[in-house]
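*Asks:* here's my sequence, what's the structure:
(chains A and B)
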Amino acid sequence: MDTEISFMLNGRARTVTTDPKRPLLDVLREDLQLTGAKFGCGEGQCRACTVLINGQSTPSCITPVGDAGKQNILTIEGLAGDDKLHPIQQAFVDEGAFQCGYCTAGMILGVTAVIKKNPKATEAEILSELEKHICRCCSYAGYRKAVRRLLAAKQA
Amino acid sequence: MKPYSIEVSSPEDEAIDSNDLLEYTNCDFGLSRRSFVKGLGAGLLLAVPCSAFTQESGRRSQGGFLGSGARNVAARIHIGSDGRITVLAGKVEGGQGARTELTQAAAEELRVPVGHVQMILADTELVPDDGMTAGSGSTPRTIPAVRQGAAAARDLLAEYACRQWNVERTTLRMGDGKVFDATGQRFFSYADLAKDIEASKLFRQAIPSDIELTAVSEWKVLGTPALRPNAGSIVTGTHIYPSDVVRPGMVYGKILRAPAYGAKLASVDLGAVNAMKDVTVVQNGSFIGVAAPNSFRARAALASISSAAKWKTAPPQPSSEELFDYLRKNVEGDVPRNPFADEAAKGKAIRRTYHVPYVQHAPLEPRAAVAEWNEGRLTVWTGSQNPFGVRSELARTFHLPEDHVRVVIPDFGGAFGGKHTGECAVEAARLALAANKPVSLRWTREEEFTWAYFRPAGVIDVEASLNTQGKIATWHFININSGPNAIETPYVVGKTNCQYLPSKPPLRHGSYRGLAATANNFAREVFMDELAAAAGADPLEFRLTHLENPRLRAVLEKAAKEFHWQERAKSKVSDVSIGMACGTEKGSFVAACVEVELDRAQKRIRVHHACEAFECGAIVNPANLRAQVEGAILMGLGAALREEIQFLNGKILNGSFGGYRVPRFGDAPELDIHLINRLDLASAGAGETPIIVIAPAIANAVFRAIGKSVHAIPVSIAET
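*Replies:* The predicted model follows:
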């Protein structure tokens, strides 16, 4: 049964009328044209579909859109400023951290979630969160260097 | 009614020969007329029909492994009257760095910064057929092809200046996209060239194959760590992957899959799904699919069909438990006996059999395609390593001339040899034809694990003998089923006999990063450690005693030195061990040393440290090369320690990321990578070979620790 569902999305109030059982990922990608969150597995195992709900890293592929009602959602499209990348995005670009890039948006939001909760988060704390994410190009060394670059930039 | 009629082959007409996927097809599909290039703006290409590009290509193949290439400058380079430079190449970007390195190649020869080059990849309507993106071929073949085209365009600019100023070529100087006269006061740019009527004729000339390319010692752009040009769109989520493509009026597809390989549909009641007014149902022979306004609705429609489908029981099929016996039993011809058996009996002889299971590429973006029909012409956006091959596949299925099919490959989410085929593109096109709307079809992870293809499983028999000096006198090496890559030993041995024998693969198999080089190098290098032990020699010394190839020796010595092999070999820490391996494939050379720790109680092996030395000639982009080597080590580690497809009665038992564990952050060892830059040697591809030493190095470390030889990947200590 279609239902009206309202939430804050990347700082804007949005309302969709749809079946509340649809995965949030599908609604973002198919109804709201936000394709930055990716389908990787459909079971919350790879986290390519990561979005932040109230600052929490969430696999949108297994989150029914009905559960997102009245919540505050951030997708990768909402992270950068108007003309400037977010420092996390900038660190990932400067390090050339990724290969195919399909997992990158999820990784960046995974880092964002940790740092939002604790601006002084350590490398170990960030990597522990990223353990939930799969990079099949196995660019883990590149990502680790990007996290180090980010932390070094924060110190400076 | 549609004003055209499309004849559609059913899937039964397109039987897949699993072994076909292993070999590169080089069929001649004839020369197609191609349409005018549009959308590049005014400039040197505007009036040049694409058909002119291939005029001199004669009856070269379309969709073959090597492709027909660009036959004139215009087919490779477009220069806008605003000076904008667009370079066209038939390669795809799946994360391996082709976009970056091809951009560098063009910029180097054009004498412009990388930021001035816009690269269009793998749109069959626009680009030359540069063949498949496979077999580490982009670096040795496409980079030179792009450089030649760019050098030809640069020469045309120089010739233009000579004509205008009536001066000798030798008086000119080029730089920053301009040609200057001897005084340095006057200059022309590519924009000036693009406005010249004569130049557009010259761009139709063939690219001289002997054109002089910039010497490696003069490289300013190649050889530098340029970053991926579209990195910004990736970190902001705005890059459009194949699964992100949206077309006006597009609907979403799903396909009915058999519950097991070989299961045939007995009956299906489409009544319930036909009553779903917003759903289109398509049936061509055994193909049944749906298209609906969103994926959720498409899944609901498919569930309705699935619950109403009855299947004939699938024929009996071997399971992963019986796999290796099955492959040996079904080998083509007889497994040859060791021709050196008599001689081997006189020395110290060892005989072993190695097993390599099926593994999956599992690219993070599963197969995806968007298909759109327009007045009998078909356009498909998809992720594939073979744009022109997919075009041929579509043309065959729908009985279309190839120039009625356009395949566009946006930069996509990983392949690793797993996307040579176009099955998802064909399925999307079937649905789009019936729905009369563009259709997006995205395979699920389970579909990718089940209906894509696997790296071939293999059984490898090795027998060798040592002479009284402890050197290898005879070497007999038989690979059943997994393939011939790197089957010959790079070591100097007395007599050798190395053969690959196909078998009857129980699962659909195909290419994979490094292909059988990983299996063959695993068996060979693990066996080398056994021989070293039998000879009472250190593994490093034993290898060096049998190695003449200077490039392979160099990487082995480098890895051993940086790892401090000799010092660490003396250390005795319980359940901490070291192992090494080396190898060569596709013109590049690699060696690795690893340190592992065994947890016997948990039956776990943890790799602490991997030191790899790699050499592939002159390095085109050290940052991209490092990423490829790092990724290959980790991907190799996954297959060495855990990855293994389990199957029973025609069903994949672990077709999910929950059941099939790929490497994660916590698996990453300390990496110590040494790239040897041989500026005096031609650049070889590097995406594959760095993977081939990881499994044997780990297995050799385990052998060293437990004193019991390892005969299979994934390497296990379960029985110790």
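
*Asks:* break down chain A into its strands, ranges please.
*Replies:* A:3-9, A:12-18, A:50-53, A:56-59, A:72-74 (DSSP state E).

*Asks:* just want the most central residue of chain B.
*Replies:* B:Gly417 (3.6 Å; Cα atoms, centre = their mean).

*Asks:* do I have it right that that one meets B:Ala517?
*Replies:* No: contact criterion Cβ atoms under 8 Å: B:Gly417 and B:Ala517 do not qualify, at 11.3 Å. For glycine as for every other residue, the C-beta is placed from the backbone atoms N, C-alpha and C.

*Asks:* which non-adjacent residue is nearest B:Cys582?
*Replies:* B:Ala591 (3.7 Å; Cβ to Cβ, 6 or more residues apart in numbering or on different chains).

*Asks:* the lowest-mean-pLDDT helix or strand in chain A and chain B in contact?
*Replies:* Least confident helix or strand, chain A: helix A:140-155 with a mean of 95, by mean pLDDT, DSSP states H and E. Yes: Helix A:140-155 is in contact with chain B by Cβ under 8 Å from any Cβ of the partner chain, via A:Tyr140, A:Ala141, A:Gly142, A:Tyr143, A:Arg144.

*Asks:* wait, B:Val268 touches B:Trp311, no?
*Replies:* No: in this structure, B:Val268 is not within contact of B:Trp311 by Cβ under 8 Å, at 9.3 Å.

*Asks:* quick one, what contacts B:Leu302?
*Replies:* For B:Leu302, the contact set (Cβ atoms under 8 Å, 6 or more residues apart in numbering or on different chains) comprises B:Lys254, B:Ile255, B:Leu256, B:Val290.

*Asks:* would you agree B:Val439 is in contact with B:Ala428?
*Replies:* Yes: B:Val439 lies in contact with B:Ala428 (Cβ under 8 Å); the separation is 5.2 Å.

*Asks:* now for the two: what residues contact both?
*Replies:* Common contacts of B:Val439 and B:Ala428, defined by Cβ under 8 Å, 6+ apart, comprise B:Gly253, B:Val370, B:Ala371.

*Asks:* coming back round to it: mind putting the contacts of B:Leu302 into JSON lines with pLDDT and secondary structure?
*Replies:* Listed next are the contacts of B:Leu302 as JSON lines, based on pLDDT from 0 to 100; DSSP: H, G, I helix; E, B strand; the rest coil:
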{"residue": "B:Lys254", "pLDDT": "98", "secondary structure": "strand"}
{"residue": "B:Ile255", "pLDDT": "98", "secondary structure": "strand"}
{"residue": "B:Leu256", "pLDDT": "98", "secondary structure": "coil"}
{"residue": "B:Val290", "pLDDT": "98", "secondary structure": "strand"}
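
*Asks:* only the buried members of those residues: can you turn that into a ChimeraX selection?
*Replies:* Buried subset of those, written as a ChimeraX selection, criterion 16 or more other Cβ atoms under 10 Å in any protein chain shown:
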select /B:254,255,256,290
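
*Asks:* for chain A, see how far away the residue nearest to the centre of chain B is.
*Replies:* According to Cβ to the nearest Cβ, to the nearest Å, B:Gly417 stands 13 Å off from chain A.
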